[in-house]
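Enquirer: mind folding the following:
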Amino acid sequence: MANIKSAKKRVLIERERRVLNNSVKSEIKTYIKKFKADLAEAPEKAAETYKTLSSKLDSAARENVIHQNSANRKKAHFAKLLSDAQQSK
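Expert: Numbering: from 1, shown residues only. Now for the predicted structure:
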């Protein structure tokens with residue numbers, strides 16, 4: 001444990017941020033699972049889920065939870081999956 005007051009405060013702040021960041025990452029993973037499940041069942045429903053997932057990824061990137069390039073890469077990957085599923089329909 002830190003001895004200096006500012007270092008103690010920093011430890012507390014990092015703990016709070018870690019909890020928030022983990023909840024955002026968990027939410028993104030949940031939407032990814034929903035998207036993949038919807039993609040297998042109904043591509044129309046997957047399109048709606050993709051919009052939400054894309055929004056969550058952008059929000060996480062804006063809040064510096066994940067890197068902007070990582071969010072863009074994931075969005076492009078899932079957009080391609082959605083496009084391929086709609087074309088093969």
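
Enquirer: and the contacts of stretch 41-57?
Expert: 24, 27-28, 31-32, 34-35, 38-39, 66, 71, 74-75, 78-79, 82, 85-86, 89 (C-beta atoms under 8 Å, 6 or more residues apart in numbering). In this view, the C-beta of every residue, glycine as well, is placed from N, C-alpha and C.

Enquirer: give me the buried subset of those residues.
Expert: Neighbour-count burial (16 or more other C-beta atoms under 10 Å) applied to the contacts of stretch 41-57 gives 24, 28, 31-32, 34-35, 38-39, 66, 71, 74-75, 78, 82, 85.

Enquirer: which among those gets closest to residue 17?
Expert: residue 24 (10.5 Å; C-beta to C-beta).

Enquirer: that closest one reaches residue 65, doesn't it?
Expert: Yes - using C-beta atoms under 8 Å, residue 24 is in contact with residue 65, at 4.8 Å.

Enquirer: give me the neighbour count for residue 2.
Expert: 11 (other C-beta atoms under 10 Å).

Enquirer: do you know how far the residue nearest to it when sequence neighbours are not counted is from residue 14?
Expert: Nearest non-adjacent residue to residue 2, counting by C-beta to C-beta, 6 or more residues apart in numbering: residue 8, 5.0 Å away. Per C-beta to C-beta, to the nearest Å, residue 8 is found 11 Å from residue 14.

Enquirer: need the overlap of contacts for those two.
Expert: Both residue 8 and residue 14 lack any common contacting residue under the criterion C-beta under 8 Å, 6+ apart.

Enquirer: any idea which residue sits dead centre in the chain?
Expert: Centroid-nearest residue in the chain, with C-alpha atoms, centre = their mean: residue 28, separated by 3.3 Å.

Enquirer: apart from its neighbours in sequence, what residue is nearest that residue?
Expert: Using C-beta to C-beta, 6+ apart, the nearest residue to residue 28 is residue 56, at 5.4 Å.

Enquirer: need the pLDDT of that neighbour.
Expert: pLDDT for residue 56: 97.

Enquirer: what's the distance between the helix or strand hosting the residue nearest to residue 2 and the middle of its chain?
Expert: Per DSSP states H and E: residue 8 is located in helix 5-41. Here helix 5-41 is found 8 Å from its chain centre; the criterion is C-alpha atoms, centre = their mean, to the nearest Å.
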